[in-house]
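Asks: what follows is a predicted protein model with its sequence.
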Amino acid sequence: METTHRTCFVLASSVLVVFCFCVLYNLNGATYNLIGNTFCFSHNCNTSGNFRLFSSESVPSSSVAVSTSLKVKEPIIQFDKDGINISRDFGLYVRMTAKKGKEYFNMLVPSMKYFWFLPVDLTVVLDDTPQDKKFGAEVAAKYPYPKICFEKKFNPKYYHSKGHSFTQLSNFYADNCFNKTYVGFIDSDTFFVTPVVPELLFNGKKPHMNCVYGLSYMPNWKKGTKKALKKKEVFKFMSYFPVIIKMKHIIEMRQYMAKLHKKPFLDVFQDFSQKINDYSQFNIMGNYVWYFHREEYEFHAQYNKPGFVWNETQFRHSMEYYDVNVTDEIKKPFPATSMHFKYQFKQNMSQLKAKEWKTAPQLIKPGICKSGGFKLCHNVCDPTRKTVLHTDLFKFGEMEWTWDTRCLEVQEEHYRNVIMNYSDMIRPQLLEACHYIRKQRPMK
């Protein structure tokens, strides 16, 4: 009898866990289907065990839970008591389509494999099309085994029937597919170049935000930011990945803009997105939190000097503003976790040839060697390069911080932290990466 009671209790607990993870919220707006790798629920299951959520057709809601897995992992890495828990509070988010599959599988995934040793919680948001559903099934079945969210497009009038604008609009509604406290936006061609330790993501509960001021690439972006916020653009935030924002601030930002313009947010977006190159969603998000939630983020402002950018143009704001608001501490260089691959090489992924894919081993090599590879990988790492600047830590596309002599000191501090506090965790990945570099083959 006692055994029976225990069995019943276990079954009841399991049912409760299933229920907690699978409450169906009323999703207003686009249609959202979620693929869960381990779980199938009621009549929404298909033969492959996919879990689907269906919604109505109206304006997107501001809060939706998307957890689909029955596996409840205990926290793996925590900050101190005043910090956050990586597994519970933070996740990565990439909005893409099947057309970006080459970027995803050849750049993002392999670089995560070697440099992202933290708990991996990735959400991939795709279009609700047959092509993307087929692609989503492939993505969900492979490392890093992300959650998949299929999104039906909004009324095309809001994004001027341009696919690129729709994906940017979708990022403004990330809460429809993501329910953690902090969302880390990345692109499908993000390429990590160094071990992503917690200290590169947060300082306590404050997300690190790298930004740029000075002479500007994509000068028209400031037009969209000013039109959206009715405030001057201070920084460019399309300058690093992941772009980490508190989810509640994204929701509040939509509400702020709707109130500011006295119209629904979708109409506001329609107004400032008429030309693709006249705005950046990350610039708008970053400048919003700079103006309204500055004390909740850790900003690192890179000054772009003449000669270090494409298409140099005027400043976004007056130099007096920066002198008053941008402190010396904010101006100190801070390491980036990744590069924006196709802009680093100034060409589209579709134009890359096989020989260029072979540069991938060389791109990961400095981060591997400086993280302990000089001891572990003697036949890969040249010890004479121990003190050479790892330029990819301070370069993102057309923007460089390498002119600042403090970069080398910051680099040494970063890799000293990696080796002293995380060497046991990253050792297996270092050894695997060294083997991969020796093979010198394109990533597949």
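Replies: Looks like it came in fine.
Asks: write down the beta-bridge partners of residue 123, one by one.
Replies: residue 93, residue 147 (DSSP bridges).
Asks: show the pLDDT at it.
Replies: On pLDDT, residue 123 comes in at 97.
Asks: same check, this time on the one 5 residues further on
Replies: In the predicted model, residue 128 carries a pLDDT score of 95.
Asks: cool, residue 242 as well?
Replies: The model's pLDDT for residue 242 equals 97.
Asks: excluding chain neighbours, what is closest to residue 244?
Replies: Among residues not flanking residue 244 along the chain, residue 207 sits closest, at 3.6 Å (Cβ to Cβ, 6 or more residues apart in numbering). For every residue, glycine as well, the C-beta is placed using N, CA and C.
Asks: would you mind measuring from the one you found to residue 84?
Replies: Note on residue 207: its distance to residue 84, by Cβ to Cβ, to the nearest Å, is 9 Å.
Asks: more neighbours, those two?
Replies: residue 207 (23 against 20; other Cβ atoms under 10 Å).
Asks: now the helix or strand harbouring that one: mean pLDDT?
Replies: Applying DSSP states H and E as the criterion places residue 207 in strand 206-214. Mean per-residue pLDDT for strand 206-214: 92.
Asks: helices and strands around it, which ones?
Replies: Packing contacts for strand 206-214, counted by 3 or more Cβ pairs under 8 Å, 6 or more residues apart in numbering; DSSP states H and E, involve strand 243-246, helix 281-292, strand 298-304.
Asks: after it, next one along is what?
Replies: helix 221-229.
Asks: mind listing what's buried in that next one?
Replies: Neighbour-count burial for helix 221-229, with 16 or more other Cβ atoms under 10 Å as criterion, is recorded at 221, 222, 224, 225, 226, 227, 228, 229.
Asks: and the residues you listed as JSON lines, adding pLDDT and distance to residue 120?
Replies: Shown next, in JSON lines, are the buried residues of helix 221-229 (pLDDT from 0 to 100; distance: Cβ to Cβ, whole Å):
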{"residue": "221", "pLDDT": "86", "distance to residue 120": "31"}
{"residue": "222", "pLDDT": "87", "distance to residue 120": "35"}
{"residue": "224", "pLDDT": "91", "distance to residue 120": "33"}
{"residue": "225", "pLDDT": "93", "distance to residue 120": "32"}
{"residue": "226", "pLDDT": "92", "distance to residue 120": "37"}
{"residue": "227", "pLDDT": "93", "distance to residue 120": "37"}
{"residue": "228", "pLDDT": "95", "distance to residue 120": "32"}
{"residue": "229", "pLDDT": "96", "distance to residue 120": "33"}
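Asks: just put the residues you listed in CSV and tack on distance to residue 242.
Replies: Conversion of those to CSV gives the following (distance: Cβ to Cβ, whole Å):
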residue, distance to residue 242
221, 19
222, 23
224, 22
225, 20
226, 25
227, 26
228, 22
229, 22
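Asks: could you check how far the closest residue to residue 119 other than its chain neighbours is from residue 115?
Replies: Of all residues not flanking residue 119 in the chain, residue 87 sits nearest, at 4.1 Å (Cβ to Cβ, 6+ apart). Using Cβ to Cβ, one gets 18 Å for the distance from residue 87 to residue 115.
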